[in-house]
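Student: test case, fold it:
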Amino acid sequence: MKKTTRLRQLINAPEILIMPGVYDCLSARIAEMVGFEAVQVTGFGLSAACLGVPDYGLLTMSEMLDQTRRIVKAVDIPVMADGDTGFGNPLNVYRMVRELEEMGAAGVNIEDQVFPKRCGHMTGKQVVPLEEAVARIRAAVHARKDPDFIINARTDAIAVLGVEEAVRRGNAYAEAGADLIFVEAPRTVEEIEYVVKNIKAPVSINMLEDGRTPLISARELEAMGVARVSAPLTPLFAAASAMEKALRILKEKGTTRFDRDLFTTFPHFSEITRLERYRDLESELLTDLEIKLRYGSSEELQKAKKENR
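Tutor: Numbers count the residues shown, from 1 in each chain. Below you'll find the model as predicted:
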C-alpha cells in the first residue's frame, strides 16, 4: 500500500491518529520502533537541530526538503512534512509539494501565517488575508499528482483574529481542497470542541509541553471528534533534557560510569540503527578474505550479529 493511502486511512479512521514530531532520522526511527503508525516532521525541531535557532522562519526550503528527504528514507511508515508558509507565493508552494511528493512524503502542513512565520505557540504571530491563504492551498492541491497525498491546512487565526475566524478559514481551506484542517493553539477545551463541531472536515490539534493549549489525552480528543493529534516537541524536549543532564554529569564528575541508568545500551542503540541489516549485507557482499580480516571468521561475524555490537 502507498504511504499516502495509508496516511489517509489513518486520518479518516474512527480512532484518533497520534503523530509524534520528529526532527531527524534517529527520532523517526525510534518513533517507528515503539509503534507509531505515522510521524510528523517538525519545523520547530528542524530549526533547533539543524541551525540551533528558534522556530522563526529561518529555515530555507532547501534545508527543510533535505532533512525531510532523509527522514522519509529512514522509516517505513508515512511521514508528513512541514511546509511552513510555503516559502513564498503559490508558485513556491507548487514546487514544494512536487518536491515532497517525489521524495515519498505522505503529506504536508501549509499554514496561513505571514512569512517569515514563527512557532504557533509564540507571541507576535500574524496571518495573511484569507484569499492569499486559500491560494496557497489551491496551489498545493493543484501540484499533487497522487490524490491521496495529504494537504494539511493549518490556521493560526485563533491568536490573532479569534476562534470564529479560525473556523471560517478552516472551512474555506477545506473547500479549496485541503484534506485535514490543523487548528493551531486553541486555548481551552471549549475552543477545541467548537472548531471540531463547526469545521466541515477532519480536524487536527497540536499538543505540546508548555504550549498555549492545555495538555489533553488522545482518548479525550478522540471523544471530542479530533481526527489527528500531533506531539511536535515531545521527542525534541525529551532529548534536550536528557542530553543536558548527561553532559552536566560528565562535566561535574568526569565520568558517567555511576549513572548508567540514564543511558541506552550499545546493543539497543544498534537495534535502533538496524546494525543487523548491515551485518547481513557484509555476509552477502564481502569476500571471505575481507570477512576474515575484519572478524577472524564467518562464525565470528555471526556472533557479532547476534550480540548486536
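
Student: what is the burial count for residue 89?
Tutor: Other residues within reach of residue 89, judged by other C-beta atoms under 10 Å, total 13. Quick note: C-beta positions are derived from backbone N, CA and C, even for glycine.

Student: per-residue pLDDT of it, please?
Tutor: Model confidence at residue 89, expressed as pLDDT, equals 96.

Student: same question for the one 5 residues further on.
Tutor: In the predicted model, residue 94 carries a pLDDT score of 98.

Student: mind exporting the helix or strand hosting it as CSV, just the C-alpha atoms?
Tutor: Assigned by DSSP states H and E, residue 94 belongs to helix 90-103. Written as CSV, here are the backbone C-alpha positions of helix 90-103 (Å, rounded to 0.1, in the frame of the first residue of the first chain):
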residue,chain,number,x,y,z
PRO,A,90,1.6,29.9,-4.7
LEU,A,91,4.3,29.0,-7.2
ASN,A,92,6.7,28.3,-4.4
VAL,A,93,4.0,26.2,-2.8
TYR,A,94,3.5,24.3,-6.0
ARG,A,95,7.2,23.5,-6.3
MET,A,96,7.5,22.4,-2.7
VAL,A,97,4.6,20.0,-3.0
ARG,A,98,6.0,18.5,-6.1
GLU,A,99,9.4,18.0,-4.4
LEU,A,100,7.8,16.4,-1.3
GLU,A,101,5.7,14.0,-3.3
GLU,A,102,8.7,12.9,-5.4
MET,A,103,10.7,12.2,-2.3
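
Student: who does whichever helix or strand comes after it pair up with?
Tutor: In the C-terminal direction, the helix or strand that comes right after helix 90-103 (DSSP H and E) is strand 107-111. With DSSP bridges as the test, strand 107-111 is paired with strand 79-82 (parallel), strand 150-155 (parallel).

Student: what would the ones you listed look like in JSON lines with mean neighbour count and mean pLDDT?
Tutor: Written out in JSON lines, the entries for the strands paired with strand 107-111 read as follows (neighbours: other C-beta atoms under 10 Å; pLDDT from 0 to 100):
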{"stretch": "strand 79-82", "mean neighbour count": "29", "mean pLDDT": "98"}
{"stretch": "strand 150-155", "mean neighbour count": "28", "mean pLDDT": "98"}
